[in-house]
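> Pasted the sequence and its predicted model underneath.
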Amino acid sequence: MPITPSAQRLLDHCRHPLVRDLAWILLTPCLVALPGAPRPSRDELGLADDDRLAAWLQAHDDAPHRLEAHLAPTLRGRMGLYHERLWQFLLEEAPGTRLLAHNLRIHQGKRTLGELDLLYARRDDPCPVHLEVAIKFYLGLDEGPGAPDSQARWIGPGGADSLLAKRDHLFHHQLCLTRTPEAIEALGPLLSSARASATPAPELAPATTVRLAMPGVLFYPWHAPLPAPHDATPDHLRGHWLHARDWPRLRAGLPPGTRGAWLHKPHWLALPRREALAPLPTLHARIAAHFQAGGAPLQLALGHPETGERRLMLVPDDWPHQIPLPPP
């Protein structure tokens with residue numbers, strides 16, 4: 001399932017790859033919904049109006065130097081760090097919010113309890129908001145642990161984590177951190193500032209609101225049907241995964257003129273513009289050599305003027321090498 005037509009139009013106006021990724025985190029639905037932790041809304045960011053958002057993105061497209069400088073340390077690092085830096089920039093630069101802190105570690109003596117990804121406030125409300133962010137690309141197993149719609153059947157390309165394990169960690173640990181005495185102490189200066197600004201009862205400490213943003217893509221098996229995992233948002237982004245041996249058969253069924261691109265981390269977010277896609281024959285030898293050398297799963301973007309865009313995850317023929325156990 002692609003993003004909505006209105007969101008696609010906004011994305012199509014962005015030319016710079018980093019600005020396209022910035023737009024993507026704004027416009028892409030979360031994979032799952034967790035009770036009590038909605039994602040930051042465009043209204044909260046001061047970007048609810050499509051025209052205003054288009055103008056804001058265009059301004060960064062025309063002068064991307066601040067965004068480039070902010071993201072430079074993460075362009076060859078982990079995708080999660082790149083995603084976090086995008087949110088830092090968004091919360092600081094959006095007209096409706098300001099960034100208060102990021103990667104705030106919470107300690108209990110010498111032990112680290114965890115880390116708060118982001119703390120921000122609305123410009124019209126000083127109360128701090130705790131935002132956890134995660135960018136995830138999961139592949140669904142038609143045979144695996146639990147029922148067909150179990151979140152345990154959705155695993156990362158490397159097989160080290162699952163949608164169920166990530167949701168469990170977020171819900172039972174990360175999103176609860178601000179309620180611990182240690183976090184309340186660490187947040188003291190921010191809460192004091194909010195209390196001083198609050199009306200009509202400045203003697204009451206405002207509660208820290210919790211938000212979660214977990215965009216990404218769920219890749220369904222190309223060779224077998226599989227239902228969506230339970231609690232998945234109805235409009236989550238979808239792709240297909242297939243073993244490398246099945247790539248020639250899928251490719252043979254594509255309409256003539258289909259073009260593609262091999263996506264390299266951390267640029268797994270917004271798909272390239274159509275003019276950046278290459279004829280598929282230019283990718284064939286590289287893909288074959290990659291898997292002959294024991295390469296890791298890779299993501300492809302495909303595009304055609306009539307059928308639109310789609311994502312594929314190609315995996316080795318012996319994938320998965322491991323399946324994580326469901327959390328206790």
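Everything's here; your move. Computed from a prediction, not measured in an experiment: that's the story for all the values here. Numbers count the residues shown, from 1 in each chain.

> Grab the longest helix from the protein for me.
Longest helix of the chain, by residue count under DSSP state H: helix 79-93.

> any chance you could map the helices in this protein?
Assigned by DSSP H, the chain shows helices spanning 5-12, 17-27, 42-45, 50-62, 65-71, 79-93, 163-172, 181-186, 188-197, 247-252, 281-292.

> in the protein, which ranges drop under the pLDDT threshold?
1-2, 191-207 (pLDDT under 70).

> out of the helices of the chain, deepest packed?
Most buried of the helices of the chain, by mean neighbour count (mean count of other C-beta atoms under 10 Å): helix 17-27, with a mean of 22. The C-beta positions use only the backbone N, C-alpha and C, and glycine is treated the same way.

> and the angle from it to helix 79-93?
With axes from the mean of the first three to the mean of the last three C-alpha atoms, to 10 degrees defining the directions, helix 17-27 sits at 80 degrees from helix 79-93.

> Ends of stretch 106-125, what's the gap?
This stretch, stretch 106-125, spans 24 Å end to end (C-alpha to C-alpha, to the nearest Å).

> Give me the contacts around it.
44, 46, 84, 87-88, 91, 95-105, 127-133, 173-174, 177-178, 180, 182-183, 186-187, 190, 194 (C-beta atoms under 8 Å, 6 or more residues apart in numbering).

> buried sites along that stretch?
Using 16 or more other C-beta atoms under 10 Å as the burial criterion, the residues of stretch 106-125 that qualify are 106, 114, 116, 117, 118, 119, 120, 121, 122, 125.

> Closest one to residue 229 out of the residues you listed, please.
Ranked by distance to residue 229 (C-beta to C-beta), those are led by residue 117 at 23.2 Å.

> measure the closest one to residue 179 for me?
To residue 179, residue 117 is 16 Å away according to C-beta to C-beta, to the nearest Å.

> likewise residue 104?
15 Å.

> who has more neighbours, the two?
Higher neighbour count among residue 104 and residue 179: residue 104, with 19 against 12, using other C-beta atoms under 10 Å.

> For residue 133, grab the count of nearby residues.
Neighbours around residue 133, by other C-beta under 10 Å: 21.

> Now do the same contact list for it.
Contacts of residue 133 (C-beta under 8 Å, 6+ apart): 83, 84, 87, 117, 118, 212, 213, 214.

> before we move on, the earlier item: inside strands: which ones of the contacts of stretch 106-125?
Among those, the ones falling in strands (DSSP state E) are 97-105, 127-133.

> PyMOL command to pick out the buried ones of those residues?
In PyMOL syntax, the buried subset of those is picked out as below (16+ other C-beta under 10 Å):
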select buried, resi 97+99+100+101+102+104+127+128+129+130+131+132+133
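
> before we move on, back to that, by contact count, what packs against the longest helix of the chain?
Here helix 79-93 touches helix 17-27, helix 65-71, strand 97-108, strand 111-122, strand 125-133, going by 3 or more C-beta pairs under 8 Å, 6 or more residues apart in numbering; DSSP states H and E.

> from the chain's centre, how far out does the second one sit?
The reference is to helix 65-71. Distance, stretch centre to chain centre, for helix 65-71: 19 Å (C-alpha atoms, centre = their mean, to the nearest Å).

> Kindly export that helix (C-alpha atoms) in PDB.
Taking Å, rounded to 0.1, in the frame of the first residue of the first chain, the C-alpha atoms of helix 65-71 are listed here in PDB:
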ATOM      1  CA  HIS A  65      22.500  23.300   3.900                       C
ATOM      2  CA  ARG A  66      21.200  23.200   7.500                       C
ATOM      3  CA  LEU A  67      19.600  19.800   7.000                       C
ATOM      4  CA  GLU A  68      22.700  18.400   5.200                       C
ATOM      5  CA  ALA A  69      24.900  19.600   8.100                       C
ATOM      6  CA  HIS A  70      22.600  18.100  10.700                       C
ATOM      7  CA  LEU A  71      22.400  14.700   9.000                       C
END
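
> I figured residue 19 hits residue 67, correct?
Yes: here residue 19 reaches residue 67: they are 6.6 Å apart, a contact under C-beta atoms under 8 Å.

> Common neighbours of these two, please.
Joint contacts of residue 19 and residue 67 (C-beta under 8 Å, 6+ apart) are residue 60.
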